[in-house]
Structures are given as structure tokens and as C-alpha cells.
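[1] Sequence first, then the predicted structure, then my questions.
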Amino acid sequence: MPSKYGRRVAIGAAVAALFWVTAAVAGAAAVRWEEGSGLTEPQVVEKAPPKYPDEARKERVQGAVVLEATIETDGRVSETAVVEDPDARLTAAAREAVAKWRFEPARDAKGKPVAVRYRVTVVFKLQ
């Protein structure tokens, strides 16, 4: 049976390892894609259309939802943050659709895929 001292050392080592892993993951965070950044621009290869919310359609609500999507190195969208929100219902529909999109990821000068934060706009317009 380990002593109290041994358990404390083991717990301390586990906590230190957790902080190290957290720091490593945080260091690998996506960078914001900007023109002139030296990265290729992500390209949409699969785009799910948003579903216009019925209630918003009946009320004739329109607008452009701007999201900042995190595009991973495999081209999938891992998260979205709202930049412009004309209506919460439209924003929810846009987020749901963009989460299904797939991209050719951004790449660095050596052609290596890079995770980026990338702005996308989803327009809801009644005809």
C-alpha cells in the first residue's frame, strides 16, 4: 500500500502532466486566416444548405449571419462563434448548417494543413 507521501507525489505528477497537455493543446490553437497570412485560403468542398426557420420565414425575417468557424486540418468545422447575429433563429440555422460543411483546409508554404479560424457568411433572403 502506497504511503501518503507516495500518493501525493503521484497526484502531483498527474496534475503536472495535465497542465503540460493543456498547454500543448492551447499552443496548437487555430490561427485566424487573413489574406496575406502566407496560408492558402480554405475552400468549401461540401456545403449543407441552411434550413430557413419556418417561423422566421412567416415573419419575413431576413439577414446575413457571419460566423467565425474553426476549420481543422482534416477540413471539418469543429466550432463556430457568432460575429453578426441579425436574428437568433437565423443564427441557429446557420450554425447548424456550417457545422456540416467540409473544407479543403488552409495550408502553409510547405503544403502542410493548418487549423484556422475563418469567417463565413450565410445569407437568408426571401424571394
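    Done, it's in.
[2] What are the buried residues along stretch 108-122?
    Neighbour counts using 16 or more other Cβ atoms under 10 Å place 113-118, 120, 122 of stretch 108-122 among the buried residues. C-betas here are computed from N, CA, C, even on glycine.
[3] neighbours of D54, just the number please.
    Here the count is done by other Cβ atoms under 10 Å, and D54 has 9 residues near it.
[4] where does this protein have low pLDDT?
    1-28 (pLDDT under 70).
[5] Just the helices from it, written as ranges.
    Residue ranges of the helices in the chain, as given by DSSP state H, are 4-27, 54-58, 88-98.
[6] In the second one, which residues are buried?
    Think helix 54-58. A56.
[7] what does the last one give?
    If you call a residue buried by 16+ other Cβ under 10 Å, then helix 88-98 has these buried ones: 89-95, 97-98.
[8] Out of those residues, which is nearest to V45?
    Checking these against V45 with Cβ to Cβ, the nearest one is V98 at 13.6 Å.
[9] was I right about that closest one contacting R119?
    No - here V98 does not reach R119: they are 10.8 Å apart, not a contact under Cβ atoms under 8 Å.
[10] Identify the contacts common to the two.
    Listed as contacting both V98 and R119 by Cβ atoms under 8 Å, 6 or more residues apart in numbering are 67, 69.
[11] contacting residues around the residue lying closest to R76 once chain neighbours are set aside?
    Using Cβ to Cβ, 6 or more residues apart in numbering and skipping residues adjacent in sequence, the residue nearest R76 is R102, 6.2 Å away. Counting by Cβ under 8 Å, 6+ apart, R102 makes contact with 44-46, 75-77.
[12] before we move on, what about A29?
    A29 makes contact with A115, according to Cβ under 8 Å, 6+ apart.
[13] gap between it and A92?
    In this view, A29 and A92 are 25 Å apart by Cβ to Cβ, to the nearest Å.
[14] before we move on, the earlier item: could you give the bridge partners of the residue nearest to R76?
    Taking DSSP bridges as the rule, R102 bridges to E46, R76.
[15] A56: which of the contacts of R102 is nearest?
    Within these, the smallest distance to A56 is 22.6 Å, found for V77 (Cβ to Cβ).
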